[in-house]
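> this one's structure only:
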């Protein structure tokens, strides 16, 4: 988790540095920055119209270039960045056409989207039954392109689909309907306005729309009104002022007043006939036009920092960062958590199918945790006791968002959001670099699972899935193969099912057994015991073989490995296993304990003398010599030295294959594999999990 957070933070730093490099390249090629001002007189008539279209100002009565440039100057200063973004946005809207238009199927569809939403502006073209539309297809497409850049949604309602609804509303002829929230309160009533103009032109229709939206904004024309509105108001602590010599505010300013209803109050100050200019200098307004955000912490002049253009998208980003709502924070957290989850695609090593399976699992886990985490947050925000904490949080956020660094971050956000291909390509390049460094970092200790192919990993995944589904059935392997016990006593089945180990066994992937260290046992030299101990060993073997021939084992029991010598140790087997399994000593002492117990009691059937005579001394010396004959250089460094397998209680013979568990205890490979395959995923000596690495202190 922390590794992915580090890589994601590193990616954001790379994006920030890359944006500064782009600015340096543009300055080197053109000699201009994005914040550099542009004289409108030097621009062509077409570019000036593009700027007015982007700001939302009507220019139908202005035929000369001089009048158009003066209107641009009155609405605000023009920068190189705004000119570039306006030209780019015009091209995108031309290519998009009217694809964003909604076609209403009936009364309920219209009510849900237009009248019940109450958070936006709609322009709907009503087509009467058996009549043509008010705007032709080409003019309607131009109208859609013109209003969509201000967040105004468009749609068409054909009365042929719901004729009764059109009669009830009075739509007996083709017309245009605009819906605007009537009050400044959040989720207020919606007002439907019908276009009654005679001139069916896009410019006149647009001016009709902007004039109705502008009525929602307070317009101040006297200094006394400004003094009253400038005072602190607890009901509206955040206010956005526009000081300009215009008949009505630009369309993007009016549209923002609808989007931020209930959060920010928008006020337009008409300075064409202002009576007291000294009142403006007292509050800090020294030029016109000016966009000033008044907060309890002070005033902020919009347009002087990087990325602060006079457009809907730029000012919307700025206001959302200053006064966000819960939905904005949720969307931001959703974007960040998914970027963090996608980083797992490059950090995970191994087969390609494995990467995508891990990615899908991570996406589901992270998004589920995010949704569950937001539920208590929303519940806490409803408590009245946390209003003070909420206010202090917004105050701290406003202090941070009015800095130069915050303006650079907003500019980069606007730049990369308008160039999604660049954003995705940089994320992919960063992910490939992360993948490369992760391979280099894991090169020394690469596991077998990282080198598996797609088919091998899918096969292991299928094995795990089938074992997960059939786990209760698979756990019945411990039951004897002879079913006579089940038939003789039916209660035996319920007794076995009542044993929790039969069905509450943890699901562990068996692939970890392949990665356990395996080596061959090697001895420096082979010596056969001599003296009384040697004769005693031979006598024990011969007597025990005679016993086996007289009393054969049951037919239903299969003989495990090393069973030819196991019966001669039956006296001490249970005690030794129990002693090592429940020992509270360290693993090394447990292994030595098991080896010593096996050598002391299983070397023959004779008991040592009461006074610890020569027999005890001989057995001890034999065990010591057996330890000295082992070639310990062939053993892994983390494995404890031992000369006997605790599972079968047999000494290690030369060239036998051994296997060690993560705890450091060694066994015969065949013995420990049978032990683990039976579902006992722990060490027979210390009970440490066989699939978990043990950290040494």
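On my side now, so go ahead. Since the structure is predicted, the reported quantities are computational estimates derived from the model, not experimental observations.

> can we go C-alpha only for contacts and neighbour counts from here?
Noted.

> Would you check that residue 634 makes contact with residue 522?
Yes: under the criterion of CA atoms under 8 Å, residue 634 makes contact with residue 522 at 7.4 Å.

> what about the two, which has more around it?
Neighbours per residue (other CA atoms under 10 Å) separate residue 634 from residue 522, with residue 522 holding more: 19 against 12.

> got a list of what the more buried one touches?
630-631, 634, 653-656 (CA atoms under 8 Å, 6 or more residues apart in numbering).

> So which of those is surrounded by the most neighbours?
Going by other CA under 10 Å, residue 630 tops those with 22 neighbours.

> May I have the beta-bridge partners of that one?
Per DSSP bridges, the residues bridged to residue 630 are residue 523.

> likewise residue 122?
Here residue 122, judged by DSSP bridges, has bridge partners residue 153, residue 179.

> Distance of it relative to residue 407?
Note on residue 122: its distance to residue 407, by CA to CA, to the nearest Å, is 32 Å.

> Which one's more surrounded, those two?
residue 122 (22 against 19).

> Could you measure from that one over to residue 363?
Using CA to CA, one gets 36 Å for the distance from residue 122 to residue 363.

> Please apply the same query to residue 225.
54 Å.

> quick check, nearest of the contacts of residue 522 to residue 416?
Of all the contacts of residue 522, residue 416 sits closest to residue 634, with 58.8 Å by CA to CA.

> which residues touch that closest one?
519-522.

> Could you pull out the strands in the stretch 151-300 of the chain for me?
153-158, 175-181, 190-194, 218-220, 239-244, 265-270, 290-295, 298-302 (DSSP state E, counting those that start in this stretch).

> Can I get those in a markdown table including distance to residue 682?
What follows is the strands of the stretch 151-300 of the chain, written out as a markdown table (distance: least, CA to CA, whole Å):
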| stretch | distance to residue 682 |
| --- | --- |
| strand 153-158 | 65 |
| strand 175-181 | 69 |
| strand 190-194 | 69 |
| strand 218-220 | 76 |
| strand 239-244 | 68 |
| strand 265-270 | 68 |
| strand 290-295 | 65 |
| strand 298-302 | 66 |
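
> Mind telling me what element residue 77 is part of?
Here residue 77, judged by DSSP states H and E, is contained in no helix and no strand.

> ok, for it, nearest residue in space, not its chain neighbours?
Leaving aside its chain neighbours, residue 77 sits nearest to residue 37 (7.1 Å; criterion: CA to CA, 6 or more residues apart in numbering).

> Pretty sure that neighbour sits against residue 80.
Yes: contact criterion CA under 8 Å: residue 37 and residue 80 qualify, at 6.3 Å.

> Output the strands of the stretch 151-300 of the chain as JSON lines; include the columns distance to residue 423, mean pLDDT and mean neighbour count.
Putting those into JSON lines (distance: least, CA to CA, whole Å; pLDDT from 0 to 100; neighbours: other CA atoms under 10 Å) gives the following:
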{"stretch": "strand 153-158", "distance to residue 423": "27", "mean pLDDT": "90", "mean neighbour count": "21"}
{"stretch": "strand 175-181", "distance to residue 423": "36", "mean pLDDT": "87", "mean neighbour count": "22"}
{"stretch": "strand 190-194", "distance to residue 423": "39", "mean pLDDT": "84", "mean neighbour count": "15"}
{"stretch": "strand 218-220", "distance to residue 423": "40", "mean pLDDT": "88", "mean neighbour count": "16"}
{"stretch": "strand 239-244", "distance to residue 423": "32", "mean pLDDT": "91", "mean neighbour count": "21"}
{"stretch": "strand 265-270", "distance to residue 423": "34", "mean pLDDT": "90", "mean neighbour count": "22"}
{"stretch": "strand 290-295", "distance to residue 423": "31", "mean pLDDT": "90", "mean neighbour count": "19"}
{"stretch": "strand 298-302", "distance to residue 423": "27", "mean pLDDT": "90", "mean neighbour count": "14"}
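
> right, so of those strands, which gets closest to residue 33?
strand 298-302 (18.0 Å).

> Next SSE downstream of the closest one?
Using DSSP H and E, the first helix or strand after strand 298-302 is helix 312-322.

> Quick one: residues in contact with that following helix.
55, 149-150, 252-253, 255-256, 307-309, 328, 394, 397-398, 401-402, 410, 414.

> ok and it relative to strand 239-244, angle-wise?
150 degrees (axes from the mean of the first three to the mean of the last three CA atoms, to 10 degrees).

> Counting by contacts, list what the helix or strand following helix 312-322 packs against.
Counting by DSSP H and E, the element after helix 312-322 in chain order, helix or strand, is helix 326-342. Counting contacts by 3 or more CA pairs under 8 Å, 6 or more residues apart in numbering; DSSP states H and E, helix 326-342 packs against helix 2-30, helix 352-381.

> would you list those helices in TSV and tack on distance to residue 437, mean neighbour count and mean pLDDT?
Formatted as TSV, the helices and strands packed on helix 326-342 follow (distance: least, CA to CA, whole Å; neighbours: other CA atoms under 10 Å; pLDDT from 0 to 100):
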stretch	distance to residue 437	mean neighbour count	mean pLDDT
helix 2-30	11	14	85
helix 352-381	16	14	87
